[in-house]
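S.K.: Structure, please.
(one chain, ligands or ions: 1)
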Amino acid sequence: MVAEKATHDINLHNVNLFLHDEFHEAFRVLRQEAPVHWNPGSARANGFWSMTKYEDILTISRNPEIFISSKGIGGSGEREPDEVDQAREAARPRGEGASSIITMDPPRHVKMRRLVNKGFTPRAVNAMEPKIREMTRAILDEVGDRKEGDFVLEVSSRLPLAVICGLMGLPRESWDLMFDLTNAALGAGDPEYQQAQTGASGHINNAKETARRGNLRMAEYFREVMVSRRVEPQDDLISLLLESEVDGEKLTEGEILAFCNLLVVAGNETTRNAISGGMVVLDRNPEERAKLQSDVPRYIDSAVEEMLRWTSPLHHMTREATEDFEVRGQHISPGEKVIMWYPSANRDEDVFEDPYRFDIERTPNDHLAFGIGEHFCLGAGFARKEVKVMFEELFDRYPDIKVTGEPDRLRSSFINGVKHLTVQYQ
Ligand code: HEM
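M.R.: Here you go, the predicted structure:
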């Protein structure tokens with residue numbers, strides 16, 4: 001009975017749960033007591049199944065025909081009754097009716113993904129390494145002799161922004177705009193990024209309006225870039241998409257806009273949190289940090305994987321069931337939402353030995369921070385390389401860097417984000 005009460009008390013719609021590390025405790029209880037758990041809906045939110053065990057997330061992810069992405073990939077959190085989920089909005093430019101690959105199902109998904117795959121292979125990532133290092137050094141040069149600062153604004157957010165904007169061929173002058181617009185698109189549930197606005201129906205709905213305006217402005221921006229690339233193609237992803245065909249047909253403007261929107265959001269809003277979260281967890285585990293700093297080349301690769309497991313920069317992805325399906329004796333019906341909680345899978349006691357221990361030498365470490373299956377993160381190679389190069393260069397330049405305040409966390413059940421982190425660089 002005690003256990004039943006504990007799981008009943010867990011409401012994953014409550015976004016405030018994700019403002020602190022409390023959500024890990026909620027997931028621990030669910031894994032133990034109700035690993036496939038129904039979170040009821042309300043007038044303001046859809047009900048959904050929570051998947052908290054590693055094995056079950058593999059099952060859902062590996063059945064993309066049964067558990068589809070095209071009905072939305074962001075799931076929990078309360079919202080206005082007429083509001084669709086933010087993550088889905090971020091991947092779908094207004095008025096175009098087009099989806100990006102992350103909200104696309106087989107068989108078209110694979111064909112669309114293939115168009116850009118070549119730009120994300122290990123070979124392409126390795127070829128970019130010198131450039132990534134150069135970008136990292138330039139970021140740290142700007143920090144220079146400063147004693148203290150905001151690690152997120154000055155360091156961790158700068159590299160992913162530079163890399164994705166570089167791949168897309170966006171000029172330096174627009175990088176700050178991209179930073180603001182992706183924050184608006186995915187961080188709209190956080191008061192810091194909201195602007196007081198009146199929605200179409202007359203009521204104030206800051207989150208919805210903020211996300212809508214962010215996406216609208218992004219679509220306008222990319223439309224202009226497309227016009228200029230049509231006239232003068234460059235060696236970048238946008239020019240590649242303009243020339244590409246699927247089943248003998250060119251992509252529509254809406255499809256290209258959706259792709260651009262996804263790449264800039266996905267490239268920007270995730271890796272920065274792996275770097276910020278990595279800084280925090282290293283700071284809180286001085287022995288592991290000292291070991292890493294004692295021989296960076298030896299430990300860095302496994303340390304990066306452990307930072308990814310530990311931080312799980314995306315809290316969840318959602319699927320919708322298209323058929324009756326049973327998991328651990330629970331019946332999932334067509335039309336029901338299924339949420340896969342990655343931080344929970346990444347601390348699953350059945351898979352990871354001593355999962356609450358941060359261990360930079362953990363092996364094996366088959367975490368699910370990048371998802372798995374059909375939609376496995378396209379940018380995983382870049383993300384890994386960025387985190388690695390950043391910590392190599394950071395510890396070389398500022399070996400005594402210290403976290404001096406509590407991380408100021410993003411109010412979101414989708415992105416496991418840190419908005420600000422005060423540090424003493426030297
Ligand atoms: C630490 C950083 C990152 C994390 C934790 C992360 C996480 C994820 C996850 C969990 C998915 C799976 C979505 C699903 O199953 O529905 C995904 C997909 C995706 N990610 Fe990442 N990501 C990261 C960095 C990046 C970067 C740097 C890029 C771009 C350069 C990127 C581009 C994408 C794209 C395009 C998809 C959609 C793939 C598809 O639907 O086929 N990600 N990411």
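S.K.: mind checking how far residue 21 is from the ligand?
M.R.: Here residue 21 is placed at a distance of 18 Å from the ligand (CB to the nearest ligand atom, to the nearest Å). Any C-beta I mention is one placed from the backbone N, CA and C, and that applies to glycine too.
S.K.: Give me the neighbour count for that residue.
M.R.: Neighbours of residue 21 under the rule other CB atoms under 10 Å: 11.
S.K.: Kindly report the same for residue 336.
M.R.: Other residues lying near residue 336 total 17 when counted by other CB under 10 Å.
S.K.: how about it, what does it touch?
M.R.: Under the criterion of CB atoms under 8 Å, 6 or more residues apart in numbering, the contact partners of residue 336 comprise 47, 48, 49, 320, 321.
S.K.: What are the contacting residues of the helix or strand residue 301 falls within?
M.R.: When secondary structure is defined using DSSP states H and E, the element that contains residue 301 is helix 296-311. Contacts with helix 296-311, where a contact means CB under 8 Å, 6+ apart, come from 273-274, 277-278, 281-282, 288, 291-292, 346, 352, 358-363, 365, 367, 369-370, 383-384, 387-388, 391-392, 395-396, 416.
S.K.: Show me the shaky parts of this structure.
M.R.: Low-confidence regions of the chain, defined by pLDDT under 70, span residues 1-5, 76-97, 188, 195-205.
S.K.: Do a quick rundown of the strands in it.
M.R.: Using DSSP state E, the strands assigned to the chain run over residues 36-39, 48-51, 67-68, 148-150, 245-246, 249-250, 316-321, 325-327, 330-332, 337-341, 402-403, 408-409, 418-420, 422-424.
S.K.: Can you list the strands that the first one pairs with?
M.R.: If I follow you right, that is strand 36-39. Paired with strand 36-39 in the same sheet, following DSSP bridges, are strand 48-51 (antiparallel).
S.K.: Would you mind writing the CA trace of the strand it pairs with as PDB?
M.R.: Once non-C-alpha atoms are left out, strand 48-51 reads as follows in PDB (Å, rounded to 0.1, in the frame of the first residue of the first chain):
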ATOM      1  CA  PHE A  48       0.600   9.100 -21.000                       C
ATOM      2  CA  TRP A  49       2.400   5.900 -20.300                       C
ATOM      3  CA  SER A  50       5.800   6.400 -18.600                       C
ATOM      4  CA  MET A  51       8.500   4.000 -19.600                       C
END
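S.K.: Quick one: distance of that strand to the chain centre.
M.R.: A distance of 19 Å separates the C-alpha centroid of strand 48-51 from that of its chain, computed with CA atoms, centre = their mean, to the nearest Å.
S.K.: what's that strand in contact with?
M.R.: Around strand 48-51, the neighbours that count as contacts under CB under 8 Å, 6+ apart are 12, 30, 35-39, 41, 57, 60, 75-76, 318, 327, 330, 332, 336-341.
S.K.: OK, contacts around residue 187?
M.R.: Listed by CB under 8 Å, 6+ apart, the contact set of residue 187 reads 193, 269, 410, 412, 415, 417, 419.
S.K.: now, among the residues you listed, which is nearest to residue 216?
M.R.: The nearest member of these to residue 216, counting by CB to CB, is residue 193 at 15.3 Å.
S.K.: how close does the closest residue to residue 178 other than its chain neighbours sit to residue 120?
M.R.: Of all residues beyond its chain neighbours, the one nearest residue 178 is residue 264 (5.5 Å), with distances taken as CB to CB, 6 or more residues apart in numbering. Using CB to CB, to the nearest Å, residue 264 is found at 15 Å from residue 120.
S.K.: likewise residue 346?
M.R.: Between residue 346 and residue 120 the computed distance is 23 Å (CB to CB).
S.K.: near the ligand, which residues of the stretch 151-300 of the chain?
M.R.: Taking CB under 6 Å from any ligand atom as the test, the list of the stretch 151-300 of the chain residues beside the ligand reads 160, 164, 262, 263, 266, 267, 270, 271, 274.
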